[in-house]
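> got a sequence here, can you model it:
(one chain, ligands or ions: 2)
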Amino acid sequence: MKVEEVKSIVKTQRISAHSHIKGLGLDENGFAIQAAAGLVGQEQAREAAGVVVDMIRSKKMAGRAVLLAGPPGTGKTAIALAIAQELGNKVPFCPMVGSEVYSSEIKKTEVLMENFRRAIGLRIRETKEVYEGEVSELTPVETESPAGGYGKTVSHVIISLRTAKGSKQLKLDPSIYEALQKEKVEVGDVIYIEATSGAVKRQGRSDAYATEFDLEAEEYVPLPKGEVHKKKEVVQDVTLHDLDAANAKPQGGQDVLSMMGQLLKPKKTEITDKLRREINKIVDKYIDQGVAELVPGVLFIDEVHMLDIETFTYLHRALESAIAPIVIFATNRGRCLIRGTDDVYSPHGIPLDLLDRLLIIRTIPYNRSDMEQILKLRANTEGLEIDPDAITALGEIGTKATLRYAVQLLTPAHLTAKINGRSNIVLADVQEVGSLFLDAKSSAKILQENKDKFMS
Ligand SMILES: Nc1ncnc2c1ncn2[C@@H]1O[C@H](COP(=O)(O)OP(=O)(O)OP(=O)(O)O)[C@@H](O)[C@H]1O
Ligand SMILES: [Mg+2]
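Ligands and ions are numbered 1, 2, ... in the order given. As a prediction, the model looks like this:
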C-alpha cells in the first residue's frame, strides 16, 4: 500500500453563507452562551450538539447517527458546520447533500461509499530514517542533455542541511530535485527527506529568517536539534478515501475507447470494492501492529430526505460495519414519502428502522430578537453597514418568511444602497428589494391563487 505519496483530498465546501460560524459557542460546562462563536440562540440544539462532539472526541460514537430536524432556516446546516469547527482539522468531516447521489455517471451507492470513506481517518505513526535540517545550500548540477541539442538536464542536486548540532552535504537524484521543486523548497526552509523513498516534506521556514519582511503568512519552525541523519517519528493523517485514491490503478484497457478516455482524463482512476477490501485488510494489520489508529470522523448528509430507499438501505448496512464514521443528517421535512417508494410515508422521509437508531436534535424557529442579532452578525461578516431600522425591517421579513430569506436579502439591499450612492443600507433599500423579490411562501401562495394562469 502506498502511504508516502498520499495527499489528503478534502472536499471543497460551499460554506460562504455560514462563514461567520466558528464553533458551537458553549462554556466550559457545555452550556450555550446566548451569542458566541458566531451562533445566536437555539441553545438546546447547540448544547445537544456539544454532547455529540464530546462523544465523538471520546470515540464513543462510531457507527451512530444523529438527525438535526427543524423548519427551514433554523440553523441545522449552521450547527452541523459548527460541529466540524469544534472537532478541528484532525478529525475528518465530509459534508454532502442528499441529492449528490443522483449522478448520471456514478452509482448512487458508490457516491455514498466514497463519502463514507472520506469521513474515516487513519493516523499513521511511523519511525522513518530521514535527513532533516535547514537548507543552507541548494544547487542543481546540470549536464549537456544526452540527446544533444541545446537542452541541459539536471544530473544531480547538491543540498546542505543544517541543524543545531551540525550540517551535512548530500548529493541527490534528479527525481528528488523535482520533489524539492514541487514543495517549493528554498534556502532557509526546514525540510526532511525520507532516506528510503526520497519523499520530501517542507515543514516551514526556519525562524532564523523570521525577521525578514514577508507578505505571505508563513509558518516558522525552529532549527532542528540533533543530527541531520536520524530516525524520526512521522505522523500522517489521511482518510480511507485518500488511501483508496492513491492506490487505485489508472484505468487500463486495450481498446481504443479506453485509451481515448485516458487521453482525455489522464487522472481518472478506478476504485473498486476489491481495492477497498485490500486497503481495509492492510489498515487492520497496521492497527493490530499499533502503527495506525482509526479516527472516526463525521459524514454530514444535508437534506437527507433526498436519499431514496435503496441508498437508505445501503447506508443502514454500512453503519453496521466495523469501520464506520458518525453520520449526521439534517432535514426540514416532516412526514413525507420515502423516495423510491410509491406509498411509504414516514417521519422526515427516513425509513423507520433507520430512524429508530438516530439521536434526534430539534431546532426551533427564532424569535425576533435572535433573528435581528443573526442578521447583524451576517452584515458584519459581509462588511456591510446597516441602519438599525433596516435590521428591524429585515427581522420582520425573516419572521414572516425564513431567516435564510432575510439573510439573502442583505446582498441585493447593499447593491441598491450602492446604486443610490450610499455605503450603508437604510430602511428604503430593504423595502425596495423586499418588493422586488418573493420568498417561497408568498410565491406558493400566488401560484395557488392564480392556478389557472400557469401551465401545468
Ligand atoms: N443560531 C444561529 N446563529 C447564527 N447564524 C445562524 C443561526 N442559525 C442560522 N444561521 C444562519 O442563517 C442562515 C440559514 O440557516 P441554515 O442554513 O443553517 O438553516 P437550515 O436549518 O439548514 O435551513 P434548511 O432547512 O432550509 O436547510 C445561514 O446563513 C446560517 O449561517
Ligand atoms: Mg440546511
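> got the domain ranges for the protein?
What automatic domain parsing lists as the domains of the chain is 16-119+297-362, 123-293, 368-449.
> got CSV for the ones you listed, with mean neighbour count, mean pLDDT and distance to M455 too?
Yep, even glycine has a C-beta here, placed from its N, CA and C like the rest. Putting the domains of the chain into CSV (neighbours: other CB atoms under 10 Å; pLDDT from 0 to 100; distance: least, CB to CB, whole Å) gives the following:
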stretch, mean neighbour count, mean pLDDT, distance to M455
domain 16-119+297-362, 18, 90, 24
domain 123-293, 15, 81, 40
domain 368-449, 17, 87, 12
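> for ligand 2, give me its nearest residue in the protein.
T77 (3.3 Å; CB to the ion).
> three-state assignment of T392?
At T392 the chain is in helix, as set by DSSP: H, G, I helix; E, B strand; the rest coil.
> tell me which helix or strand the closest residue to it other than its chain neighbours sits in.
Leaving out its chain neighbours, the residue that sits closest to T392 by CB to CB, 6 or more residues apart in numbering is E372, at 6.8 Å. Assessed by DSSP states H and E, E372 sits inside helix 368-381.
> any idea which helix or strand comes after that helix?
strand 385-386.
> just want the residue of the protein that's nearest ligand 1.
Nearest to ligand 1, among the residues of the chain, is G75, at 2.7 Å (CB to the nearest ligand atom).
> so who does that residue touch?
The neighbours of G75, taking CB atoms under 8 Å, 6 or more residues apart in numbering as the test, are 39, 42, 45, 363, 366, 403.
> with secondary structure added, can I get those residues in CSV?
Converted to CSV, the contacts of G75 look like this (three-state DSSP):
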residue, secondary structure
L39, strand
Q42, coil
A45, helix
T363, coil
Y366, coil
L403, helix
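> please list which of these are also close to ligand 1.
39, 42, 363, 403 (CB under 6 Å from any ligand atom).
> quick one: contacts for the spatially closest residue to the first one that is not a sequence neighbour?
Distance criterion CB to CB, 6+ apart; nearest residue to L39, sequence neighbours excluded, is G25 at 4.6 Å. Counting by CB under 8 Å, 6+ apart, G25 makes contact with 32-33, 35-39, 46, 82.
> mind checking which of those residues land in strands?
35-36, 39 (DSSP state E).
> now T109: which helix or strand?
For T109, the host element (DSSP H and E) is helix 108-118.
> elements contacting that helix?
The contact analysis (3 or more CB pairs under 8 Å, 6 or more residues apart in numbering; DSSP states H and E) places helix 108-118 against strand 93-97, helix 240-247, strand 298-302, helix 309-320.
> apply 7 Å and report the result again.
The elements that helix 108-118 packs onto, with contact taken as 3 or more CB pairs under 7 Å, 6 or more residues apart in numbering; DSSP states H and E, are strand 93-97, helix 240-247, helix 309-320.
> C-terminal to that helix, what's the next element?
With elements assigned by DSSP H and E, the helix or strand that comes after helix 108-118 is strand 120-144.
> check which strands are paired with that following strand and give the direction for each one.
Strand pairing for strand 120-144, determined by DSSP bridges: strand 152-162 (antiparallel), strand 189-194 (antiparallel), strand 229-239 (antiparallel), strand 292-296 (antiparallel).
> what parts of the chain come near ligand 2?
76-77 (CB under 5 Å from the ion).
> distance between the helix holding T109 and the chain's centre?
15 Å (CA atoms, centre = their mean, to the nearest Å).
> got the angle for that helix vs strand 229-239?
Here the directions of helix 108-118 and strand 229-239 differ by 140 degrees (axes from the mean of the first three to the mean of the last three CA atoms, to 10 degrees).
> and the angle from helix 108-118 to helix 240-247?
Using the same axes, to 10 degrees: helix 108-118 against helix 240-247 is 100 degrees.
> can you start the count at 214 instead of 1 from here on
Yep, numbering from 214; the last one is helix 321-331 now.
> can you give me the angle helix 321-331 makes with helix 522-533?
Taking the same axes, to 10 degrees, helix 321-331 and helix 522-533 form an angle of 30 degrees between their directions.
> can you pull out the residues in contact with helix 321-331?
Here helix 321-331 makes contact (CB atoms under 7 Å, 6 or more residues apart in numbering) with 224, 305, 307, 309, 313-316, 452-454, 457, 512, 523-524, 527-528, 531, 538.
> coming back round to it: right, is the helix holding E585 up against ligand 1?
Yes: using CB under 6 Å from any ligand atom, we find that helix 581-594 touches ligand 1 at 587, 590.
> the helix or strand hosting A291 - contacts with which helices or strands?
Assigning secondary structure by DSSP H and E places A291 in helix 289-300. When contacts are defined as 3+ CB pairs under 7 Å, 6+ apart, helix 289-300 packs onto helix 256-270, strand 278-282, strand 511-515, strand 539-544.
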